[in-house]
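S.K.: I would like the atomic coordinates for the input below:
(chains A and B)
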2 protein chains.
Amino acid sequence: MRLIILLAFGFMVIFNAFASQQPTQPQRQGGFSQASPTPTPTPLPPPTIKIDGYRAAAARIIGAALTSDRAYSRLAHLTDHIGHRLSGSKNLERAIEWAATEMKRDGLDNVRPEKVMVPHWVRGEESLEMLTPVPRKLTMLGLGNSIGTPAQGITAEVVVVRNFEELDRLGQGARGKIVVYNAAFTNYGATVRYRGQGASRAASYGAVAALVRSITPVSLQTPHTGAMQYDPAQPQIPVAAITIEAAELLQRMQDRGDRATLRLKMEAKFLPDAESANVIAEIKGTERPDEIVLISGHYDSWDVGQGAHDDGGGCIMAWEAARLLKELGLRPKRTIRVVLYTNEENGLRGGNAYRDAHRAELSKHVLAIESDSGTYKPEGFGLATTAPLQLRSNLQEIAKLLAGIGADSIAANGGGADIGPIMREGVPGASINVEGSRYFDIHHTPADTIDKINPQDLKLCVAAMAVMAYVVADM
Amino acid sequence: MRLIILLAFGFMVIFNAFASQQPTQPQRQGGFSQASPTPTPTPLPPPTIKIDGYRAAAARIIGAALTSDRAYSRLAHLTDHIGHRLSGSKNLERAIEWAATEMKRDGLDNVRPEKVMVPHWVRGEESLEMLTPVPRKLTMLGLGNSIGTPAQGITAEVVVVRNFEELDRLGQGARGKIVVYNAAFTNYGATVRYRGQGASRAASYGAVAALVRSITPVSLQTPHTGAMQYDPAQPQIPVAAITIEAAELLQRMQDRGDRATLRLKMEAKFLPDAESANVIAEIKGTERPDEIVLISGHYDSWDVGQGAHDDGGGCIMAWEAARLLKELGLRPKRTIRVVLYTNEENGLRGGNAYRDAHRAELSKHVLAIESDSGTYKPEGFGLATTAPLQLRSNLQEIAKLLAGIGADSIAANGGGADIGPIMREGVPGASINVEGSRYFDIHHTPADTIDKINPQDLKLCVAAMAVMAYVVADM
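M.R.: The predicted structure is shown next:
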């Protein structure tokens, strides 16, 4: 039977490879570059936790999570009635107020917004038009943190490069041009460099604007925004994402010797920093309330779609994990702290502010878990390679309680952007890991909407997060 | 080995079924409803054609098709430099002029545009906004042939139905409302009824406008346009497509008891009929030039995307099939006639005009083949059930020449919209059949662009079309 399954898998791979020949049709591909299953460091010490004493609690948690619609209905309120939540926006303010109010109503402890000043970037109106060789509108989406163009736009000839090496070979040939990066998606880590650095690298050769093929394996004329960073050593030029379709069109034109001229208009700009907050709520520990297990997501999103997978779902699952424990009367020895971070997307001010405000108690943080890879079927957790081996051994043991929902793997690495600042101060960090093969199809797009989230997957995530947080906080 | 392959396939099916659980993420599904492999009528008479005499010609044709980039580069010119081609548009006029000029340059016989007056529907500006419970813009695309709204738009409360049965139960509850059809895609034939009839069915209960969930299995906020028809017995109300995301949002709101109010603005209207043309070119037959094998696609498209799969690719493959035969000096006994039909999408005036203009010679049409299911990997041809059994038998025999490129199936049914009028006059009709599982992802959308066409698939289609046309015309 095993042979047949292997053969079956072999044919499947061959079939799928064949079936996915089409150049830009939706394909299942890649993911985070760090998703590869590197082996766990060995040898691990034996676990110090005995999980038998937690089977009953885990059973109650999983049962409750899988029979409750609370998480989904809250996520639906957040996405449908509040919507996307860019830092500085009214929507994010409303979302923060709503969460704090509801968390108090849930009976969680110490509910409070912790003030954070955040960047306030606004997109404004924006457009991209081809003027020659054929007039047409192109779909675009400005990149977060970009400057705008003059009111009349920037009109210039295009030069397309497939990667930074082509840009370097082109060198001064980019002067006065709009540089288009047409880099095919391999994995997020490798491809997102063009979004982050593309503008400044092009500016270093005198380019007047840059356009970046959306960081995605698939497209139905789908633009993906996301943060870019200016190199202080280079002039700032505006930068926007274009669709795979537009990037390939410009590539074809260049390859045929057509001279494409574009007009880019963007009103993007920064307003003065705005007041925002990390939202915090707790289940106070019974015996060691000063020791903390932190569970979290980021509450802000880009200004398109609904911020459902990124990262409304992550916030709701952390919040609901705590609420469920409260409802079940499961109060662990240590404190479980929910943090809904502000401003992950374009500044990380929430994560940095948390570190600064809680510096005195960071050594009491036993574990920090973040969910920020989408709300898909959970497969387990990833623990930072730097975490103590004893903790890893215990997490592997605890994860066995999640085998029944298929969420029992502990990957060799993990963490998250928002918990990064406290991880760098020594807090052991982890991520909840999910089946994320479709995440980058919708990541930072108008299509990141709650209909892309399977309610069942959200329930499973809540169960996994609640069991892991509870047992770690109680062991 | 066969058992293992069967098992492998079984696992693949199970795996794929599992992998496609997500509610609205891109999934491979459905297709034309008529695509099911109904058994071929039996018994068939033995073929009257001996294919051995055609192996050399077929080899030359296939070899030439697979080593030429002409079809793709012409399709790229059509899509990139001319673009989409709605009836009445300047783009369609330019496309017609270009084809006629190039066909003459190719040395094809009797190249001429045959004048056809076509409807001239224009979209104008259009928008859809939610006013309550939460202000936001919704992505939409007016349906072809729809009337517009008053300049201030139509503002009304929404009522969502999943099908016509729910509408009928609602009855007068639709009065004064905007009816939203949220019908999930099953197959094209079953689901497209909401696009075609939705407006008039809603109007019959007093609705003021209708919105139709796009006819597609997948969406990345992707709106799909297409033709609608008004029932002369009902008042005309404006109708537009919305995305799966928007339809599901409105459904969730209704299910929660929210009252959603929308404002729909559309400038859509008909201008006076415009002059257009079917473009015709031939390879004149050597012995029976009055007998005709017709190969065709439709040259018009919707006014979004590039009309690449629908149906630029179909036109280019028919044209290139003839050009290739000419280049190879393969002149068959009968005439091969290429027809690039105008106005398939919103009127079928091209197909009807061809029938009327050529009525006297319809009895001399030996076979009419249309390509209008996208330019994917060809699997063979579909022959109308009404075609003579002797022809079916011969086509099955000829198709063996295409076994080496995997295009040797002759399906139990076939035909096409443009050749429909002459089929109803007795001309045997056929379609080229392709692996179309992804066609409806991009059908009638801004994402129907040439990057979705694999150049290799186009070459294979040209080869299949050319071999079939040549042998039928010569046998």
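
S.K.: And the strands in the stretch 251-400 of chain A?
M.R.: Using DSSP state E, counting those that start in this stretch, the strands of the stretch 251-400 of chain A run over A:261-266, A:269-283, A:288-298, A:334-341, A:365-370, A:378-383.

S.K.: quick one, which of the ones you listed is packed in tightest?
M.R.: Highest mean neighbour count of the strands of the stretch 251-400 of chain A: strand A:334-341, a mean of 28 (counted as mean count of other CB atoms under 10 Å in any protein chain shown). C-beta coordinates here come from the backbone N, C-alpha and C atoms, glycine included.

S.K.: for the strands of the stretch 251-400 of chain A, which one sits closest to B:Gly153?
M.R.: Nearest to B:Gly153, of all the strands of the stretch 251-400 of chain A, is strand A:261-266, at 26.0 Å by CB to CB.

S.K.: right, and the strands of the stretch 251-400 of chain A - which one's nearest B:Ser371?
M.R.: strand A:261-266 (33.9 Å).

S.K.: quick check: mean pLDDT across that closest one?
M.R.: For strand A:261-266, the mean per-residue pLDDT is 98.

S.K.: Is that strand in proximity to chain B?
M.R.: No: judged by CB under 8 Å from any CB of the partner chain, strand A:261-266 stays clear of chain B, getting no closer than 14.4 Å.

S.K.: Note down every partner strand of that strand and its orientation.
M.R.: As defined by DSSP bridges, the strand partners of strand A:261-266 come to strand A:126-132 (antiparallel), strand A:154-161 (antiparallel).

S.K.: helix or strand right after the first one?
M.R.: Just to be clear, that refers to strand A:126-132. For strand A:126-132, the following helix or strand on the C-terminal side (DSSP states H and E) is strand A:136-138.

S.K.: and the strands of the stretch 251-400 of chain A as TSV, adding distance to A:Leu389?
M.R.: Converted to TSV, those look like this (distance: least, CB to CB, whole Å):
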stretch	distance to A:Leu389
strand A:261-266	50
strand A:269-283	28
strand A:288-298	19
strand A:334-341	20
strand A:365-370	14
strand A:378-383	10
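
S.K.: so which of those comes closest to B:Gly124?
M.R.: strand A:261-266 (22.1 Å).

S.K.: just how off-centre is that closest one within its chain?
M.R.: How far strand A:261-266 lies from its chain's middle: 29 Å, per CA atoms, centre = their mean, to the nearest Å.

S.K.: Need the residues that contact it.
M.R.: A:123-132, A:138, A:140, A:142, A:146-149, A:151-158, A:178, A:209, A:211, A:238, A:240 (CB atoms under 8 Å, 6 or more residues apart in numbering or on different chains).

S.K.: Apply the buried test to the residues you listed and list what passes.
M.R.: Neighbour counting with 16 or more other CB atoms under 10 Å in any protein chain shown marks A:123, A:126, A:128-130, A:138, A:140, A:142, A:146-149, A:153-156, A:158, A:178, A:209, A:211, A:238, A:240 as buried within the contacts of strand A:261-266.

S.K.: A:Ala241 contacts A:Gln221, doesn't it?
M.R.: No: assessed by CB atoms under 8 Å, A:Ala241 is found out of contact with A:Gln221, at 12.0 Å.

S.K.: Quick check on these two: which one has the bigger neighbour count.
M.R.: A:Ala241 (31 against 23; other CB atoms under 10 Å in any protein chain shown).

S.K.: Restricting to C-alpha, output whichever strand or helix holds that one in CSV.
M.R.: Using DSSP H and E, A:Ala241 falls within strand A:239-242. Only the C-alpha atoms of strand A:239-242 are listed here, as CSV (Å, rounded to 0.1, in the frame of the first residue of the first chain):
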residue,chain,number,x,y,z
VAL,A,239,6.7,53.5,-6.3
ALA,A,240,3.6,51.4,-6.9
ALA,A,241,2.6,47.8,-7.5
ILE,A,242,1.3,46.7,-10.9
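
S.K.: Sounds good, over and out.
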